[in-house]
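Enquirer: Quick one, structure for this:
(one chain, ligands or ions: 1)
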Amino acid sequence: MTKFEEKKFNIPALKGISVKNIEEHLKLYAGYVKNANSIIEKSPEYMKYADKEDPFASYVVGELGRRFSFEYNGIRNHEAYFSSFEGGPKQLADKSPLKKAIEKDFSSFEEFLKMFKSMAATTRGIGWAVLWYDRKEKCLLPTWVDEQHLGLLNDCAMILSLDMWKHSYVADYAPSGKKQYIEDFFANLNWEVVEKRFKNIQ
Ligand SMILES: [Fe+2]
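Expert: Numbers count the residues shown, from 1 in each chain. Take a look at the predicted model:
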């Protein structure tokens with residue numbers, strides 16, 4: 001039976017985002033790992049009850065299946081987010097394939113950043129600002145993902161993920177400091193990690 005492992009991240013001191021906030025945030029990540037494993041472990045047991053024509057058991061089975069993508073994507077979104085800080089802040093090299101792809105799809109790197117930050121800051125609700133790579137069309141697609149799982153793009157690879165749930169920033173920033181959190185995320189971002197992800201899915 002599949003068991004998801006909780007990954008460890010080597011996160012350096014960050015601009016604006018406190019060690020305490022990262023520690024608390026990592027506990028939430030661990031919760032997604034635990035819950036995804038629990039669903040995998042418990043589902044067969046509950047399915048037995050559903051087979052006995054217990055109408056309420058079928059609700060339990062249905063809800064476990066429905067909510068699995070919430071827990072699973074909570075793992076993957078956070079792994080992409082935390083690993084983006086590893087190695088400390090690094091710029092995207094001008095000659096890098098990712099920078100060229102961004103310039104092709106968004107006219108300039110600066111325009112892309114402006115648009116991505118605006119999407120993250122102004123989209124109402126809880127979720128993630130994500131940059132995807134569509135391998136079929138060979139293009140980059142920035143979208144908002146509600147919660148952890150609503151709005152994922154099938155068969156696209158996650159290149160960049162920015163957690164916009166309030167738990168990721170309210171301990172260090174007032175709710176009105178959301179824009180500064182986004183600025184600090186990019187100031188802390190190791191673009192080489194993002195570049196590596198992009199290269200690996202080509
Ligand atoms: Fe989070």
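
Enquirer: Point out the other helices and strands that the strand or helix carrying residue 33 packs with.
Expert: Per DSSP states H and E: residue 33 is located in helix 19-51. With contacts taken as 3 or more CB pairs under 8 Å, 6 or more residues apart in numbering; DSSP states H and E, helix 19-51 sits against helix 55-83. C-betas here are computed from N, CA, C, even on glycine.

Enquirer: buried stuff in the helix it packs on?
Expert: Using 16 or more other CB atoms under 10 Å as the test for burial, helix 55-83 gives 57, 60-61, 64, 68, 70-83.

Enquirer: ok, the residue in the chain positioned nearest to the ion - contacts?
Expert: Closest to the ion within the chain is residue 163: 4.3 Å, counting by CB to the ion. Applying CB atoms under 8 Å, 6 or more residues apart in numbering, we find residue 163 in contact with 25, 77-78, 81, 128.

Enquirer: Which pLDDT value belongs to the spatially most central residue of the chain?
Expert: Nearest residue to the geometric centre of the chain (CA atoms, centre = their mean): residue 77, 2.4 Å. With respect to pLDDT, residue 77 has a value of 98.

Enquirer: Could you figure out how far the helix holding residue 33 is turned away from helix 55-83?
Expert: Computed with axes from the mean of the first three to the mean of the last three CA atoms, to 10 degrees, the direction of helix 19-51 lies at 150 degrees from that of helix 55-83.

Enquirer: Residues of this protein that sit close to the ion?
Expert: Contact residues of the chain with respect to the ion, defined by CB under 5 Å from the ion, are listed as 163, 165, 168.

Enquirer: so where's the chain uncertain?
Expert: Filtered on pLDDT under 70, the chain yields the residue ranges 51.

Enquirer: what's near enough to touch residue 93?
Expert: Shown in contact with residue 93 (CB under 8 Å, 6+ apart): 99, 195.

Enquirer: wait, residue 31
Expert: residue 74.

Enquirer: can you check residue 15 too?
Expert: Counting by CB under 8 Å, 6+ apart, residue 15 touches 89, 184, 187-188.

Enquirer: Just the buried ones from the residues you listed?
Expert: Among the contacts of residue 15, those buried by neighbour count (16+ other CB under 10 Å) are 184, 188.

Enquirer: Which ones among the contacts of residue 15 map onto helices?
Expert: Of the contacts of residue 15, the ones assigned to helices by DSSP state H are 184, 187-188.

Enquirer: Out of those residues, flag the one nearest to residue 35.
Expert: residue 188 (27.6 Å; CB to CB).

Enquirer: any idea how far the nearest residue to the closest one once chain neighbours are set aside is from residue 185?
Expert: Spatial nearest neighbour of residue 188, excluding adjacent residues (CB to CB, 6 or more residues apart in numbering): residue 14 at 4.7 Å. Noted for residue 14: a distance of 9 Å to residue 185, by CB to CB, to the nearest Å.

Enquirer: again with residue 102
Expert: 17 Å.

Enquirer: same check, this time on residue 73
Expert: 19 Å.

Enquirer: just curious, which of the contacts of residue 15 is nearest to residue 37?
Expert: Distances from residue 37 to the contacts of residue 15, taken by CB to CB, are shortest for residue 188, at 29.8 Å.
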